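In: I need the structure of the sequence given here:
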Amino acid sequence: MFLIVAKYLIPKGYRGMAVFPFVIAKYDYDKTNKVFVNHEKIHLRQQLELLVIPFFIWYFLEYLIRLIQYKNGTLAYRNISFEREAYAKETDVNYLKNRSFFQFLHYMKSYKQ
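Out: Numbers count the residues shown, from 1 in each chain. Okay, the predicted model is just below:
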């Protein structure tokens, strides 16, 4: 993983993003934020499992489905299965050591967060 700070690459309202093999942070202080880094590392693992490009296609399609479902961009984003897994496990710094393959599938069932 390569962590880059690039304030202008991150959309308004977000702190960072993962694009294998990079984690791009908006703020320099997030480089040492274990929860932030762990959240993005979970996304890197998800991307590897789906061979990167299919991850982004799935992410975008699931976002569109959730947007239709919830009619709210924030709710749609928070209910993407990849995000639900990352948010649920971001504080567990040992999560990736024991995580099973395709664990994000357990977060597909929809409900409002």
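In: Gly16 against Ile24, yeah?
Out: Yes - here Gly16 reaches Ile24: they are 5.9 Å apart, a contact under CB atoms under 8 Å. In this view, the C-beta of every residue, glycine as well, is placed from N, C-alpha and C.
In: Now do the strands in the chain.
Out: Counting by DSSP state E, the chain forms strands over residues 2-5, 16-19, 22-25, given from the N-terminal end onward.
In: among the ones you listed, which is nearest Tyr107?
Out: Distances from Tyr107 to each of these were compared by CB to CB, and the smallest falls on strand 16-19, at 16.7 Å.
In: helices or strands up against that closest one?
Out: strand 22-25, helix 34-49 (3 or more CB pairs under 8 Å, 6 or more residues apart in numbering; DSSP states H and E).
In: quick one: contacts of it?
Out: Counting contacts by CB atoms under 8 Å, 6 or more residues apart in numbering, the residues outside strand 16-19 that touch it are 9-10, 23-26, 30, 36, 40-41, 43-44, 47.
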